[in-house]
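[1] next come a sequence and a model predicted from it.
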Amino acid sequence: MKLILCKNYEEMSEKAAFEIAELVKKESKCTLGLATGSTPVGTYQRLIDMYNGGELDFSGVTTFNLDEYYPINPDNDQSYDYFMRKNLFDHINVKKENVNIPRGSAVDPGEECNRYEELVRTSNPVDIQILGIGVNGHIGFNEPGEYLHASTHITDLTESTISANARFFESEDDVPKKAITMGIGTILRAKKIILLANGKAKHNAISALLDEKITSDIPATLLKVHNNVILICDEEAYYG
Ligand code: F6R
């Protein structure tokens with residue numbers, strides 16, 4: 001795992017946006033794997049700035065998001081669909097038909113998981129997958145447990161994730177209890193993975209990434225089997 005240690009959130013966002021921008025400039029028809037949450041917001045803002053400055057063209061780019069709450073309507077301002085539009089898609093020229101997010105409004109979540117998994121597997125492989133990391137070490141919504149899932153699946157969010165995400169909702173009770181998420185196998189199919197982490201709260205999870213162990217109790221440790229992972233993190237996440 002390659003490490004890029006940054007002073008702060010701004011530098012982390014800068015470095016991540018640079019990696020994505022290099023790819024988009026080189027391969028106009030590339031595929032990006034995207035995450036939501038607070039971590040990548042600065043990265044997305046820098047990509048928007050570069051787009052506005054005429055440096056980037058997203059018209060040939062395809063995107064796949066990691067996850068979506070279930071059940072949730074895409075118009076709900078807490079949905080990841082809404083988040084992506086507000087924080088990135090509404091501000092760049094990516095084509096609607098090239099954007100893929102699990103459908104939180106699907107009637108049959110099992111069917112939706114199969115559809116999404118099939119779509120990821122039959123499309124061009126993800127060139128760069130952006131990941132955040134949960135305080136509990138989750139990636140996507142692959143929560144710690146006795147075992148992990150290989151493919152896209154519906155999952156119960158853990159108490160830790162529900163309380164970490166309560167900051168985005170009026171109360172903890174409003175946080176959806178389930179999500180549809182790419183599985184570990186789906187994520188590991190990406191050619192390159194960029195894991196972003198900032199802030200002291202992520203220190204324990206990041207420390208577990210930097211030792212030898214792989215455990216389903218800290219799902220991000222599964223990234224150690226991939227041969228092209230860059231960890232871009234700030235000093236607080238790295239040193240605690
Ligand atoms: C979001 C996702 C999650 C987040 C993680 C960190 O699409 O897959 O794994 O990346 O929960 O969230 P933040 O960035 O809000 O700390």
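    Nice, thanks for sending it over. Residues are numbered from 1 along each chain as shown.

[2] L231 bridge partners, please.
    Under DSSP bridges, the beta-bridge partners of L231 are L3, L195.

[3] pLDDT score for it?
    For L231, the model assigns a pLDDT of 98.

[4] hmm, it is touching K2, no?
    Yes - contact criterion C-beta atoms under 8 Å: L231 and K2 qualify, at 7.1 Å. In this view, the C-beta of every residue, glycine as well, is placed from N, C-alpha and C.

[5] interface residues of this protein facing the ligand?
    With the criterion set to C-beta under 6 Å from any ligand atom, the chain comes near the ligand through 35-39, 66-67, 132-134, 138-141.

[6] which of these has the most neighbours?
    I139 (29 neighbours; other C-beta atoms under 10 Å).

[7] need the contact list for E236.
    Applying C-beta atoms under 8 Å, 6 or more residues apart in numbering, one finds that E236 lies in contact with 198-200, 202-203.

[8] generate a ChimeraX selection restricted to the buried entries among those residues.
    Of the contacts of E236, the buried ones go into a single ChimeraX selection, burial set by 16 or more other C-beta atoms under 10 Å:
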select :198,202,203
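
[9] and E68, that's in a helix?
    No - counting by DSSP: H, G, I helix; E, B strand; the rest coil, E68 falls outside a helix, being strand.

[10] list the buried ones in stretch 85-92?
    For stretch 85-92, a neighbour-count test (16+ other C-beta under 10 Å) marks 85, 87-89, 91-92 as buried.

[11] mean pLDDT per helix and strand in the protein: which one sits at the bottom?
    helix 159-165 (a mean of 92; mean pLDDT, DSSP states H and E).

[12] quickly run through the sheet partners of the helix or strand that that one is followed by, with directions.
    Sequence order places strand 178-181 as the next helix or strand after helix 159-165, per DSSP states H and E. Strand 178-181 has the following strand partners under DSSP bridges: strand 67-70 (antiparallel), strand 153-156 (antiparallel).
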